[in-house]
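*Asks:* got a structure for you, letters missing:
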């Protein structure tokens, strides 16, 4: 009898609640506002086809061979320059690590920084994928006290001794919230005062619809005070799995060793294709087209919510990203609401799984990027009907 | 002052010794027999270019979008069929997990199965990348007693209680050794008797030059007794980073959750490109061309060793894979020999880093696949001169 004893940490690994929810919602005829995917209409297919052909014509042997764990040199240089342009003056290609999506960046940070029982502070709600990446390393996750502007500076004194604070300042998944300029300064100062390292995740920063977000936390912090994670998933295509980490010197060598142990390196082919796409300023032309498209959809959802859910829910129009975050009346459980909504032909993601501790069950997340304005209108109308039924029945 | 406290496990992560060695050997004019890379002359560049274009023409939105963590369905089916053809009757696509190279398979196995202090049994010498993948999970690594035929069956009783035994039966890196048919049966029986799960790694199985290797351990073991890892790196191209794991039911769900946390999924683009390449039997035509090329080089190295190192070293001609393993006179330290060899214009990898415990310092690994027969002859001649100098000086 073969004796499979699993590691203690395996108990912390669980199927993604959201993944299970998405299965439920993948039914014909259901308008899904549940997804976390970018719109495939934004993928620059022709450009990627040309770049793939070019890479396999010009440097096939390098693109198909084993490569350095740090990543493709010119891509690391490009990333460093972008980060400098965003105000991270100390961004240096030597401290850029190319990862297999920014999800891998989160895994590597967890691997290198979390012991069983280590305290890790996060926003509440926060990105579920980060909680999943950290979970196998068995942290004690704590919620940073927050308000509509993000984590409160006072929360960092309470987080003193945490291995790091994980923050998503730009158009957060799931809340859509963007931390303002003054609050960013206050967070960086408070984290420094408490000696808490910052792990800043920025997958959505380029997706702004009104004005660019304020400069990143890493641009305001000392060079050794923050790790910064970025991704090409939302501005090019997630199926390429390409992200990056900018890490302080003290951490970089260990992240690199963890990366090497994890998958040797991110596919050289993908790195070279993406570099071939972006090296001549393609994103400067491409990203505005994504913004224009998503802004229309954001505006359509704002209008539909105002029309149908005015008295029934609260929300703030997001100034970027992919999501609206709704707060329902206190006695409504969004998880229980979901099957009823699916019956009515619309799906969303309940908010509870995004909370590290005590969940606000009366919250939900709506994505507006993979659906047309017409579908948004119909979906929100169906959601309002579902909610109306439940509120009426309770009355 | 920001307080970066690293996880305990980070102490176990170290720069790859071999990586450092390779830096030393990358000098113009040095014939490198040190690498572990396949020959880029074997990469099917045109075929990959066509497949990339086809995937981005026919299914671009799927290839560039987020995808299932398990991997691309048709690729999982293909892998299952291949494994069935190799005699693993219970291979089922539902238990195939596509990984970002088989290195990631090793990481996930470690993540799910190793606690700090868990016993893990390995061959001695063994694949260094596996030791590196497991190291962050802080195992107590033990060497399985072995001989020229591989691990000895008696060794498994001593390994009772180990979380698993990691074995590379086909043309092992670094030793080149192929475990024979009877020994495989004996290993599987002994591991079952001791209740020790097997983790079988097979990156080199298709690279045989005389006769195919015996059926894998997983084909001889109960369906719940072995994990099997495979890779497209040596038969197509490593820069695509594509491997797979076949896991027992009990383990599959946890490996999948670990995979999802680690990088969400392996690039969909790469999975679809490789599937487009292989779906119509391409590998059946392509792999024989790799075998023919490498066999010539293997024969050239065997001839050169016989000619130049006859009295100075011992080796067994490998029947497949990429490496010769040399045993020098007992008082020669291959690590100390390396800089002298580089001066003479040839590089190799000292054997010591491949040993989990007590190292045999008088061993070294030679790769024959990225060098021409002429370079092999010149390189082995230079190695013989280096060794001759040292032996003479010692006499």
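*Replies:* Sure, I can see it. The structure displayed is predicted, hence computed values, not measured ones.
*Asks:* so residue A:309 touches residue A:386, yeah?
*Replies:* No. Using C-beta atoms under 8 Å, residue A:309 is not in contact with residue A:386; the gap is 10.6 Å. The C-beta positions use only the backbone N, C-alpha and C, and glycine is treated the same way.
*Asks:* list phi and psi for residue A:98.
*Replies:* Note on residue A:98: backbone dihedrals following degrees, to the nearest 10 are phi -80, psi 130.
*Asks:* with residue A:280 instead?
*Replies:* phi -110, psi 30.
*Asks:* the one 10 residues further on too?
*Replies:* According to degrees, to the nearest 10, the main-chain angles of residue A:290 amount to phi -70, psi -50.
*Asks:* where does the spatially closest residue to it that is not a sequence neighbour land on pLDDT?
*Replies:* Closest residue to residue A:290 in three dimensions, ignoring its sequence neighbours and counting by C-beta to C-beta, 6 or more residues apart in numbering or on different chains: residue A:42, at 4.7 Å. On pLDDT, residue A:42 comes in at 97.
*Asks:* state the phi and psi torsions of residue A:42.
*Replies:* Per degrees, to the nearest 10, the backbone of residue A:42 is at phi -90, psi -10.
*Asks:* number of residues surrounding it?
*Replies:* 21 (other C-beta atoms under 10 Å in any protein chain shown).
*Asks:* pLDDT wise, what is residue A:59 at?
*Replies:* Listed pLDDT for residue A:59 reads 97.
*Asks:* average pLDDT across the helix or strand where residue A:244 lies?
*Replies:* Here residue A:244 is covered by strand A:243-246, with elements defined by DSSP states H and E. For strand A:243-246, mean pLDDT rounds to 98.
*Asks:* checking residue A:386 next. Helix, strand or coil?
*Replies:* What DSSP: H, G, I helix; E, B strand; the rest coil gives for residue A:386 is helix.
*Asks:* how about the nearest residue to residue A:83 once chain neighbours are set aside, what does it touch?
*Replies:* Of all residues not flanking residue A:83 in the chain, residue A:91 sits nearest, at 3.6 Å (C-beta to C-beta, 6+ apart). Going by C-beta atoms under 8 Å, 6 or more residues apart in numbering or on different chains, residue A:91 touches A:79, A:80, A:81, A:83, A:84, A:218, A:246.
*Asks:* surely the fourth one meets residue A:246?
*Replies:* I take that to be residue A:83. Yes. The pair residue A:83 / residue A:246 is scored as a contact, 5.9 Å apart, by C-beta under 8 Å.
*Asks:* where in the stretch 1-150 of chain A is pLDDT low?
*Replies:* Scanning the stretch 1-150 of chain A for pLDDT under 70 picks out nothing.
*Asks:* now do the strands in it.
*Replies:* A:31-32, A:96-99, A:119-122, A:140-143, A:146-147, A:150-151 (DSSP state E, counting those that start in this stretch).
*Asks:* for residue B:300, find the nearest of the ones you listed.
*Replies:* Among the strands of the stretch 1-150 of chain A, the nearest to residue B:300 by C-beta to C-beta is strand A:96-99 (37.1 Å).
*Asks:* tell me where the stretch 101-250 of chain A has helices.
*Replies:* Assigned by DSSP state H, counting those that start in this stretch, the helices in the stretch 101-250 of chain A fall at A:101-113, A:128-134, A:155-158, A:181-194, A:217-220, A:249-263.
*Asks:* a markdown table for these, including distance to residue B:157 and mean neighbour count?
*Replies:* Shown next, in a markdown table, are the helices of the stretch 101-250 of chain A (distance: least, C-beta to C-beta, whole Å; neighbours: other C-beta atoms under 10 Å in any protein chain shown):
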| stretch | distance to residue B:157 | mean neighbour count |
| --- | --- | --- |
| helix A:101-113 | 34 | 28 |
| helix A:128-134 | 39 | 25 |
| helix A:155-158 | 53 | 19 |
| helix A:181-194 | 54 | 19 |
| helix A:217-220 | 55 | 23 |
| helix A:249-263 | 30 | 23 |
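*Asks:* let's have those in JSON lines, adding distance to residue B:75.
*Replies:* Listed next are those as JSON lines, based on distance: least, C-beta to C-beta, whole Å:
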{"stretch": "helix A:101-113", "distance to residue B:75": "19"}
{"stretch": "helix A:128-134", "distance to residue B:75": "24"}
{"stretch": "helix A:155-158", "distance to residue B:75": "46"}
{"stretch": "helix A:181-194", "distance to residue B:75": "44"}
{"stretch": "helix A:217-220", "distance to residue B:75": "38"}
{"stretch": "helix A:249-263", "distance to residue B:75": "17"}
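*Asks:* to residue A:233, which of those helices lies closest?
*Replies:* Short answer: helix A:101-113, nearest of the helices of the stretch 101-250 of chain A by C-beta to C-beta, at 6.4 Å.
*Asks:* any residue of the closest one touching chain B?
*Replies:* Yes. Contact of helix A:101-113 with chain B (C-beta under 8 Å from any C-beta of the partner chain) involves A:101, A:103, A:104, A:107, A:111, A:112, A:113.
*Asks:* with stretch A:7-14 instead?
*Replies:* Yes. Stretch A:7-14 reaches chain B (C-beta under 8 Å from any C-beta) through A:7, A:8, A:9, A:10, A:13, A:14.
*Asks:* do you know the pLDDT at the nearest residue to the last one once chain neighbours are set aside?
*Replies:* Think residue A:14. Closest residue to residue A:14 apart from its sequence neighbours, by C-beta to C-beta, 6+ apart: residue B:257 at 6.5 Å. The model reports residue B:257 with a pLDDT of 95.
*Asks:* show me what contacts residue B:257?
*Replies:* A:13, A:14, A:15.
*Asks:* out of those, who has the most neighbours?
*Replies:* Counting neighbours by other C-beta under 10 Å, the top entry in the contacts of residue B:257 is residue A:13, with 22 neighbours.
*Asks:* got the contact list for that one?
*Replies:* Contacts of residue A:13 (C-beta under 8 Å, 6+ apart): A:135, A:136, B:112, B:254, B:257, B:258, B:261.
*Asks:* please tell me how far it sits from residue A:293.
*Replies:* Counting by C-beta to C-beta, to the nearest Å, the gap between residue A:13 and residue A:293 amounts to 36 Å.
*Asks:* over to residue A:206?
*Replies:* Residue A:206 is 13 Å from residue A:293, by C-beta to C-beta.
*Asks:* where does the stretch 251-395 of chain A dip in pLDDT?
*Replies:* Counting by pLDDT under 70, the stretch 251-395 of chain A shows low-confidence ranges at A:394-395.
*Asks:* what residues does it have near chain B?
*Replies:* Residues of the stretch 251-395 of chain A found near chain B (C-beta under 8 Å from any C-beta) are A:251, A:253-254, A:257-258, A:260-270.
*Asks:* domains in chain A, as residue ranges please.
*Replies:* A:8-37+A:284-394, A:45-279 (automatic domain parsing).
*Asks:* any idea which of those domains is most buried?
*Replies:* Counting by mean count of other C-beta atoms under 10 Å in any protein chain shown, domain A:45-279 has the highest mean neighbour count of those, with a mean of 22.
*Asks:* just the terminal-to-terminal distance for it.
*Replies:* Taking C-alpha to C-alpha, to the nearest Å, the first and last residues of domain A:45-279 lie 17 Å apart.
*Asks:* distance from the chain centre to it, please.
*Replies:* 10 Å (C-alpha atoms, centre = their mean, to the nearest Å).
*Asks:* please name the nearest non-neighbouring residue to residue A:214.
*Replies:* residue A:181 (4.0 Å).
*Asks:* distance check, that neighbour against residue A:367.
*Replies:* For residue A:181 relative to residue A:367 (C-beta to C-beta), the value is 27 Å.
*Asks:* for the closest residue in space to residue A:104 that isn't next to it in sequence, which residues are in contact?
*Replies:* Nearest residue to residue A:104, sequence neighbours excluded (C-beta to C-beta, 6+ apart): residue B:263, at 4.4 Å. Listed by C-beta under 8 Å, 6+ apart, the contact partners of residue B:263 are A:99, A:100, A:101, A:103, A:104, A:107, A:241, A:263, B:100, B:104.
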